[in-house]
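**Q** coordinates for the following, if possible.
(one chain, ligands or ions: 1)
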Amino acid sequence: MTLTPMCLCLLTRRTPDGRREVLLGRRKKLGMGTGKVVGLGGHVEPDETAAQAAARETAEESGLIVAARDLREAANVVFRFPVRPEWDMRVAVFVGDRFTGDAYETAEIAPRWYPIDDLPVQDMWDDNRYWLPQVLAGQRLHAEFVFAEDCETVATSRIVPAPEDREAIGDAG
Ligand SMILES: CNc1ncnc2c1ncn2[C@@H]1O[C@H](COP(=O)(O)OP(=O)(O)OP(=O)(O)O)[C@@H](O)[C@H]1O
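**A** Here you go, the predicted model:
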């Protein structure tokens, strides 16, 4: 089954007392992951880059305006659901801290800023605890998660540094 190209946009900000926060949100739209806390994002359309899609989805789901050029690609994550292969996807994950506007609730998502040192992982997809803290700490990585039959629990996972970073530290393999 082909992997549907998706994007995820992680915007961060610093509170006046110096704590870093990330914009996530409770997913309202019916379908995959309803009720979970997720990052903003969705499908990459054929006529756009993944960064453009991340900026567009952020505006559609929260009202925040971000430029694609201000987003940095931080991770590439593949999700496989052997009992539901139509859910298989490849997600380009972006992080950014330049944006304008105030996030508001939309039909799709109820956005909220969460402290990065206290992520709501118990309310998120099971995979997030394995990679989201690292990415928000500045690591770039590639990961693949295979979900169990319940389509909720991670059965197997593989996480490696992004190829660019591996070259930078002189590791050929
Ligand atoms: C399985 N583990 C997962 N871990 C982390 N994040 C996950 C995820 N599974 C899906 N996501 C993200 O959740 C968003 C909505 O996905 P999904 O419902 O498929 O797309 P949505 O219908 O909103 O797309 P459109 O807005 O119609 O383009 C999308 O950013 C996608 O990357």
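
**Q** select the longest helix from this protein.
**A** helix 50-62 (DSSP state H).

**Q** quick one: buried residues of the longest strand seen in the chain?
**A** For the chain, the strand reaching the highest residue count under DSSP state E is reported as strand 4-14. For strand 4-14, a neighbour-count test (16 or more other C-beta atoms under 10 Å) marks 6-11 as buried. Every C-beta, even on glycine, is put in place using the N, C-alpha and C of the backbone.

**Q** and the ligand, which of the residues you listed contact it?
**A** 6, 8 (C-beta under 6 Å from any ligand atom).

**Q** which residue, other than its chain neighbours, is closest to the closest residue to the ligand within the chain?
**A** Closest approach between the chain and the ligand, counting by C-beta to the nearest ligand atom: Gly41, at 2.3 Å. Distances taken as C-beta to C-beta, 6 or more residues apart in numbering put Leu8 closest to Gly41, at 3.9 Å, once the chain neighbours are dropped.

**Q** the one you found pairs with what?
**A** Gly41, Val93 (DSSP bridges).

**Q** now do the contacts for it.
**A** With contacts taken as C-beta atoms under 8 Å, 6 or more residues apart in numbering, Leu8 has the following neighbours: 39-41, 54, 91-94.

**Q** a strand runs through Pro82, doesn't it?
**A** No - assignment of Pro82 by DSSP: H, G, I helix; E, B strand; the rest coil gives coil, placing it outside any strand.

**Q** show me what from the protein comes close to the ligand.
**A** Residues of the chain lying near the ligand (C-beta under 6 Å from any ligand atom): 6, 8, 31-33, 38-39, 41-43, 57, 79, 91, 125, 127-128.

**Q** one step back: CSV for the buried residues of strand 4-14, including pLDDT and distance to Glu108?
**A** Below are those laid out as CSV (pLDDT from 0 to 100; distance: C-beta to C-beta, whole Å):
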residue, pLDDT, distance to Glu108
Met6, 98, 14
Cys7, 98, 14
Leu8, 98, 14
Cys9, 98, 13
Leu10, 98, 17
Leu11, 98, 16
